[in-house]
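Student: have a look at this fold, sequence not included:
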């Protein structure tokens with residue numbers, strides 16, 4: 001399994017011009033993957049006090065500005081847009097990118113932004129029910145062989161809907177399911193997706209979830225090797241070893257009450273240690289490793305990662 005190295009760029013605390021410069025740099029560095037997230041407020045939550053761009057509009061610029069990397073969203077919350085709208089957005093973005101777009105879907109978590117903008121945010125079980133109903137409907141809508149899609153479900157419906165143009169070249173547009181739940185997430189990924197993404201978990205937990213995903217694939221009669229696996233790691237490298245402790249404290253302040261949960265899934269330390277961390281996730285079953293960039297970050301550390309760590313990882317972990 002070839003190792004994919006990418007970046008997950010949070011569209012907050014940056015001007016659009018700055019963000020476009022960042023992802024052009026990532027694409028020029030020949031990263032394999034660039035994604036954004038689907039939020040209306042900043043993450044971690046700070047009550048909407050930080051500048052933040054909407055995902056679909058941002059993705060349009062990202063698709064147009066790049067030429068190499070696969071492009072995605074990790075992940076769209078199924079409660080913000082119905083499956084028909086998501087399918088139309090996906091095929092539009094696929095054409096803007098020239099066939100590089102991949103659609104990520106999940107059950108969501110940011111209840112504060114949902115409340116602020118008047119979206120229902122039902123209990124987790126209901127959100128998973130929505131995801132379970134929406135995934136096969138989106139697949140049908142994106143299938144070039146299905147000319148019209150009629151569906152009547154509990155949460156969604158369509159009537160003789162078309163989704164033209166189809167994805168570029170009539171391809172099967174890849175769908176990713178994101179999340180770290182041990183029960184329904186693996187089941188839905190195994191049944192409906194081309195890929196699974198987990199965010200901010202330690203290598204041992206990633207390996208455990210990976211094993212559950214293998215079992216879910218086998219229960220569906222699917223070869224586990226046909227499902228891609230990736231992980232997002234919070235980017236917090238420090239070029240100066242003397243700053244590591246200071247940067248760790250800043251990380252904890254930024255994440256507040258969520259710091260304990262996500263610290264184990266962060267790229268902390270110096271670039272010299274980064275390859276060891278990437279190797280641990282590779283050993284745990286990750287075929288793709290994405291650094292999650294939240295501004296501000298150390299630009300020298302990012303340069304070191306792209307110019308030193310990425311080539312070393314491709315040599316030693318492929």
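Tutor: It's in. Only a predicted model underlies this, so the values are computations on that prediction, with no experimental measurement involved. Numbers count the residues shown, from 1 in each chain.
Student: going forward, measure contacts and count neighbours with C-alpha atoms only.
Tutor: Noted.
Student: what about the chain, any weak spots by pLDDT?
Tutor: The chain contains no residues with pLDDT under 70.
Student: which residues in it form strands?
Tutor: 4-9, 33-36, 70-73, 76-77, 101-106, 149-152, 157-161, 175-178, 195-199, 228-237, 266-269, 288-293 (DSSP state E).
Student: quick one: contacts of the shortest one?
Tutor: Contact with strand 76-77 is made by 37, 38, 103, 104, 105, 106, 107, 108, as judged by C-alpha atoms under 8 Å, 6 or more residues apart in numbering.
Student: what does the fifth one give?
Tutor: The contact list for strand 101-106, computed with C-alpha under 8 Å, 6+ apart, reads 63, 70-78, 90, 93-94, 131, 173-179.
Student: returning to what we had before: save the strands of the chain as a markdown table, and put in distance to residue 48 too.
Tutor: Shown next, in a markdown table, are the strands of the chain (distance: least, C-alpha to C-alpha, whole Å):
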| stretch | distance to residue 48 |
| --- | --- |
| strand 4-9 | 18 |
| strand 33-36 | 18 |
| strand 70-73 | 21 |
| strand 76-77 | 18 |
| strand 101-106 | 22 |
| strand 149-152 | 36 |
| strand 157-161 | 32 |
| strand 175-178 | 24 |
| strand 195-199 | 22 |
| strand 228-237 | 21 |
| strand 266-269 | 24 |
| strand 288-293 | 19 |
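Student: so how far is residue 205 from the residue most central in space within the chain?
Tutor: The centroid of the chain falls nearest to residue 74 when counting by C-alpha atoms, centre = their mean (2.2 Å). From residue 74 across to residue 205, the span is 19 Å (C-alpha to C-alpha, to the nearest Å).
Student: got it, and residue 180?
Tutor: Relative to residue 205, residue 180 is positioned 9 Å away (C-alpha to C-alpha).
Student: next one: residue 96
Tutor: 37 Å.
Student: neighbour count: the two, which is higher?
Tutor: residue 96 (19 against 16; other C-alpha atoms under 10 Å).
Student: can you give me every residue that contacts that one?
Tutor: With C-alpha under 8 Å, 6+ apart, residue 96 has these contacts: 60, 63, 64.
Student: just those now: which is nearest residue 168?
Tutor: Nearest to residue 168, judged by C-alpha to C-alpha, of these is residue 63 at 13.5 Å.
Student: let me know how buried the residue lying closest to that closest one once chain neighbours are set aside is, in neighbour terms.
Tutor: Nearest in space to residue 63, with sequence neighbours left out and distances taken as C-alpha to C-alpha, 6 or more residues apart in numbering, is residue 97 at 4.5 Å. Using other C-alpha under 10 Å, residue 97 is surrounded by 24 other residues.
Student: pretty sure residue 236 sits against residue 296.
Tutor: No: between residue 236 and residue 296 there is no contact under C-alpha atoms under 8 Å: 9.9 Å.
Student: which one of the two has more residues nearby?
Tutor: residue 236 (26 against 10).
Student: list the contacts of the more buried one.
Tutor: Residue 236 touches 247, 248, 251, 266, 267, 268, 269, 297, 298, counting by C-alpha under 8 Å, 6+ apart.
Student: mind checking which of these are buried?
Tutor: Buried members of those, counted by 16 or more other C-alpha atoms under 10 Å: 247, 248, 251, 266, 267, 268, 269.
Student: ignoring the adjacent residues along the chain, who's closest to residue 68?
Tutor: Of all residues not flanking residue 68 in the chain, residue 27 sits nearest, at 6.2 Å (C-alpha to C-alpha, 6+ apart).
Student: excluding sequence neighbours, find me the nearest residue to residue 2.
Tutor: Closest residue in space to residue 2, ignoring its immediate chain neighbours: residue 318 at 5.6 Å, by C-alpha to C-alpha, 6+ apart.
Student: okay, now the one you found: neighbour count?
Tutor: The burial count for residue 318: 13, using other C-alpha under 10 Å.
Student: show me the contacts for it.
Tutor: Taking C-alpha under 8 Å, 6+ apart, we find residue 318 in contact with 1, 2, 3.
Student: who's in contact with the spatially closest residue to the first one that is not a sequence neighbour?
Tutor: Looking back up the chat, that one is residue 1. Nearest non-adjacent residue to residue 1, counting by C-alpha to C-alpha, 6+ apart: residue 287, 6.5 Å away. Contacts for residue 287 (C-alpha under 8 Å, 6+ apart) come out as 1, 2, 3, 4, 228, 229, 230.
Student: same list (those) but as JSON lines, adding distance to residue 20 and neighbour count.
Tutor: Output for the contacts of residue 287, formatted as JSON lines (distance: C-alpha to C-alpha, whole Å; neighbours: other C-alpha atoms under 10 Å):
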{"residue": "1", "distance to residue 20": "31", "neighbour count": "10"}
{"residue": "2", "distance to residue 20": "28", "neighbour count": "9"}
{"residue": "3", "distance to residue 20": "25", "neighbour count": "16"}
{"residue": "4", "distance to residue 20": "22", "neighbour count": "18"}
{"residue": "228", "distance to residue 20": "27", "neighbour count": "18"}
{"residue": "229", "distance to residue 20": "27", "neighbour count": "22"}
{"residue": "230", "distance to residue 20": "24", "neighbour count": "25"}
